[in-house]
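3D model of this:
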Amino acid sequence: MGLNEYSDYRSDIADSWNRCIAWGLDHEHQPAPPSPGARELEDNDQAHAELLSCAEAEVVPYYRNILSSSRCLILLADRRGTVLRNWGDRRTTEERLQPWFQPGANWQEQHCGTNAIGTAIATGAPVQIQRNEHFLKQNRSIIGSAAPIFNARKEIAGVLSVFSDAYLPQAHTLGMVRLLSQSVENRLMTREFEHDYFQITLSNTKDNFDSPWSGILICDDSGGIVASNQRADQMLGRDVTGARLEDLFTSRRNHILGQPEREPMQLTTHNKVRLSGRLKRPARKEPPASSAKAETAGVRARSTRIPLDHIEHGDLTVRRGADQALKVLQRGVPVLITGETGVGKEVLVKALHDASHRRTQALVAVNCAAIPPELVESELFGYEAGAFTGARAQGSLGLIRKAHQGILFLDEIGEMPLSAQSRLLRVLQEREVTPVGSTERIPVDLLLVTATNRPLSGRVESGAFRADLYYRINGLRIELPALRDRADRRELIQRLYQTHRDQDQSAQLSPRVMAALESHPWPGNLRQLDNVIRVAVAIADGEDVQLWHLPDDFLSGFEALPLGQSPAQTTGGRPEIVSDISGEADPLGQTLRVYQQCLGNVSRAAKELSISRNTLYKRLRELGVR
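You can find the predicted model right below:
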């Protein structure tokens, strides 16, 4: 450790002691030993299952092969300092301190003063706390080294710490815990992204890719960097998340991603730094089914995966909004989606989830308006057994905790009762949830997306929505345009038709049908369009879709238009060719032509032909139309 590093290290200890004094601790303080219940331990294990799995995969072999002959105790704690696991020789610590090294013990500085785990969390950096550097006298018989474990978002996911006897060199101990924490970080990142993203491992030499100190870049098919480890950022001199491969290296994306898998390649940065790289392609396996089951009418299950680039087909406003939403969401910033009913808010959320780094975790979608107001709190936050009349005997986890490590989507957030708004605000501020009927605070790690079809600002002014919650959820506001305002309306119509058409039907809609669909005002937006096309395809029953196959309520929108003028002509859409019906010798042919020009409206067609509706129906049956 150099002189400057030592000075910084000593400063960290002094700062920690000052924090302890500010919290009202004194050197004689003796916090009560923890006594967590079995359910609390089980819930914490479940909430950190991936962290536990990765840590065990790295720590256990290292301990068996290298540390088994030394008196050494290794602890894994979560990001709040609660012990999850211990490995090694428990004789390393005095008997009176044994409870503090068991799962459930919490080492936050405000409880236990300056200590390896708590101070590593407070500083976000590796630390070593010698005996007399502990603030509390009760801890001055131990020496601890700890290093935080960061996830792909550069957030602390947990802490590894080592407590050893005096025979193990302390500099070695600190280096060892840093090595182990880096190994766990790399494994966490690889597991999270290996199925759907490219991984590029960076090294200064071509024969050292398997070192924990290698840099790791995670990128998508287009060369966009979705995640990186700290070592990669150090090697490239910046936080590279959000950048593109061409921004970092002189080689083009196609060249880099086209390299043979696991073969060394030479990469040169724009600053002329030469690095060795190794490519690993995505496994492209489908993610496991979401662990969040639909338990109420307000919860919608996930459907098939939706690529982000499939939510628009030429509308730059939607494209820009989706790209921005993904970038900020992956940084933990909440996203608020607004727009009329049916514009595709839920579809966008599913696409964001499938494109995010949490795609293998749960997407829990909750319609706040569909849950009875008196049940919102218990459904969202969960409840203890016997918390209220009718409660399940085993209690309920709650939808927020089911979204742990995933994405929580609160649709129609404006309909949430004020009492639930207050509890939700506390969850978002403290990242902890307290079930109904309990005093226990349970950590949650989630990304939040909310949606509304009416302005929340008006509800804030009327007192129906909390202003502080509004500003908490309004990290990035994305407004989805109505279907009538979308630049890619024609492409959307064609794409939905392609999705629903029968195999024998024409691949393209006729110009007449397309003109009618394009020019419609679509008050129900994409949801209405989807239903109209499905109905038309079903009624056509294998034949090409014609105007009279469109639903009657859709055609009734054209009732007031004069014959010979298409909806496109009145709304500014593409003009429709209108046939001249004068002089038609064939009555059936004339009937069909007028019926088509009236867009299938029987009353208008009968009036134009000066025949009764019954006669018109008879002719249409002869034509095979009705």
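
only C-alpha atoms for contact and neighbour calcs from this point on.
Will do.

buried residues in stretch 48-57?
Of the residues in stretch 48-57, those buried by neighbour count under the rule 16 or more other C-alpha atoms under 10 Å are 48, 50-52, 54-56.

which residues touch that stretch?
Around stretch 48-57, the neighbours that count as contacts under C-alpha atoms under 8 Å, 6 or more residues apart in numbering are 45, 76, 78, 84-85, 157-158, 184, 187-188.

could those residues be laid out in a markdown table, adding neighbour count and distance to residue 353?
Converted to a markdown table, the contacts of stretch 48-57 look like this (neighbours: other C-alpha atoms under 10 Å; distance: C-alpha to C-alpha, whole Å):
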| residue | neighbour count | distance to residue 353 |
| --- | --- | --- |
| 45 | 17 | 24 |
| 76 | 29 | 29 |
| 78 | 26 | 25 |
| 84 | 24 | 28 |
| 85 | 19 | 31 |
| 157 | 21 | 20 |
| 158 | 29 | 24 |
| 184 | 27 | 24 |
| 187 | 20 | 22 |
| 188 | 21 | 19 |
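
Show me the helices in the stretch 51-200 of the chain, by range?
Using DSSP state H, counting those that start in this stretch, the helices found in the stretch 51-200 of the chain span residues 109-112, 116-123, 170-193.

ok so, going back, out of the buried residues of stretch 48-57, which two sit at the greatest distance?
The widest separation within those, taken as C-alpha to C-alpha, falls between 48 and 56 and amounts to 12.2 Å.

returning to that earlier point: pick the one among the contacts of stretch 48-57 closest to residue 397.
Once C-alpha to C-alpha is applied, the member of the contacts of stretch 48-57 that ends up nearest residue 397 is residue 45, at 14.2 Å.

Tell me who's in contact with the closest one.
52, 84.

Going by secondary structure, it is in what exactly?
Of the helices and strands defined by DSSP states H and E, residue 45 is found in helix 38-47.

which stretches of the protein have low pLDDT?
Applying pLDDT under 70 to the chain picks out residues 1-10, 65-70, 90-93, 165-171, 284-306, 385-395, 556-586, 623-626.

Next, report how far the strand ranked longest in the chain is displaced from the centre of its chain.
For the chain, the strand that runs over the most residues, judged by DSSP state E, is strand 156-164. What separates the centre of strand 156-164 from the centre of its chain is 27 Å, taken as C-alpha atoms, centre = their mean, to the nearest Å.

Which neighbours in the sheet does that strand have, and how are they oriented?
strand 72-78 (antiparallel), strand 144-150 (antiparallel) (DSSP bridges).

Check the gap between residue 192 and residue 41 for me.
24 Å (C-alpha to C-alpha, to the nearest Å).

would you list every one of the helices in the stretch 201-350 of the chain?
In order along the chain, the stretch 201-350 of the chain carries the following helices (DSSP H, counting those that start in this stretch): 230-236, 245-248, 253-257, 316-330, 345-355.

Including distance to residue 125, could those go into TSV?
Output for the helices of the stretch 201-350 of the chain, formatted as TSV (distance: least, C-alpha to C-alpha, whole Å):
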stretch	distance to residue 125
helix 230-236	12
helix 245-248	27
helix 253-257	33
helix 316-330	23
helix 345-355	31
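
export these to JSON lines and tack on distance to residue 426 and mean neighbour count?
Putting the helices of the stretch 201-350 of the chain into JSON lines (distance: least, C-alpha to C-alpha, whole Å; neighbours: other C-alpha atoms under 10 Å) gives the following:
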{"stretch": "helix 230-236", "distance to residue 426": "31", "mean neighbour count": "18"}
{"stretch": "helix 245-248", "distance to residue 426": "39", "mean neighbour count": "18"}
{"stretch": "helix 253-257", "distance to residue 426": "44", "mean neighbour count": "16"}
{"stretch": "helix 316-330", "distance to residue 426": "20", "mean neighbour count": "18"}
{"stretch": "helix 345-355", "distance to residue 426": "24", "mean neighbour count": "22"}
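
nearest to residue 127, of the buried residues of stretch 48-57?
Within the buried residues of stretch 48-57, proximity to residue 127 (C-alpha to C-alpha) peaks at residue 55, which comes in at 19.0 Å.

and the gap between that closest one and residue 177?
From residue 55 to residue 177 the distance is 12 Å (C-alpha to C-alpha).

Residue 360 too?
Going from residue 360 to residue 177 by C-alpha to C-alpha gives 29 Å.

what's the answer for residue 406, then?
Residue 406 sits 28 Å away from residue 177 when distances are taken as C-alpha to C-alpha.

Could you count how many residues lie near the nearest residue in space to residue 484 that is not next to it in sequence?
Residue nearest to residue 484 in three dimensions, not counting chain neighbours: residue 521, with 5.8 Å by C-alpha to C-alpha, 6 or more residues apart in numbering. Burial of residue 521, expressed as a neighbour count using other C-alpha atoms under 10 Å, amounts to 15.

tell me the SS of residue 521?
The assignment at residue 521 comes out as coil when based on DSSP: H, G, I helix; E, B strand; the rest coil.

Go ahead and confirm it touches residue 486.
No. Taking C-alpha atoms under 8 Å as the contact criterion, residue 521 and residue 486 are not neighbours in contact, 11.5 Å apart.

gap between residue 511 and residue 484?
The spacing between residue 511 and residue 484, counted by C-alpha to C-alpha, is 18 Å.

Same question for residue 324.
23 Å.

what kind of secondary structure is the residue lying closest to residue 550 once chain neighbours are set aside in?
Beyond its immediate neighbours in the sequence, the residue positioned closest to residue 550 (C-alpha to C-alpha, 6+ apart) is residue 536, lying 4.9 Å away. Recorded secondary structure, residue 536: helix (three-state DSSP).

residues in contact with residue 536?
Counting by C-alpha under 8 Å, 6+ apart, residue 536 makes contact with 545, 549-551.

likewise residue 235?
Contacts here follow C-alpha under 8 Å, 6+ apart; on that basis residue 235 touches residue 215.

can you tell me how far it sits from residue 201?
According to C-alpha to C-alpha, residue 235 stands 11 Å off from residue 201.

which neighbours do those two share?
Shared contacts of residue 235 and residue 201, counting by C-alpha under 8 Å, 6+ apart, come down to residue 215.

buried residues in stretch 529-538?
529-530, 532-538.

one step back: just name the most buried of the helices of the stretch 51-200 of the chain.
Mean neighbour counts were compared across these using mean count of other C-alpha atoms under 10 Å; the top stretch is helix 116-123, at a mean of 26.

Residues contacting that one, please?
Looking at helix 116-123 with C-alpha under 8 Å, 6+ apart, the contacting residues turn out to be 12, 16, 77, 79-81, 107-109, 112, 126-129, 144-148, 156, 159-161.

can you pull the contacts of residue 147?
Neighbour list for residue 147: 117, 120, 125-127, 159-161, 177-178, 181 [criterion: C-alpha under 8 Å, 6+ apart].

do you know how far residue 587 is from residue 512?
Counting by C-alpha to C-alpha, the separation of residue 587 from residue 512 is 22 Å.

again, but for residue 426
Relative to residue 512, residue 426 is positioned 55 Å away (C-alpha to C-alpha).

same deal with residue 491?
Plainly put, residue 491 is 16 Å away from residue 512 if you go by C-alpha to C-alpha.

now do residue 249
As defined by C-alpha to C-alpha, residue 249 lies at a distance of 51 Å from residue 512.

Which one's more surrounded, residue 511 and residue 484?
Comparing residue 511 with residue 484 by other C-alpha under 10 Å, the one with more neighbours is residue 484, at 16 against 13.

Pop out the phi and psi values for the more buried one.
phi -60, psi -20 (degrees, to the nearest 10).

rewinding a little: neighbour count for residue 426 and residue 512, which is higher?
Neighbours of residue 426 and residue 512, each counted by other C-alpha under 10 Å, are more numerous for residue 512; the result is 18 against 14.
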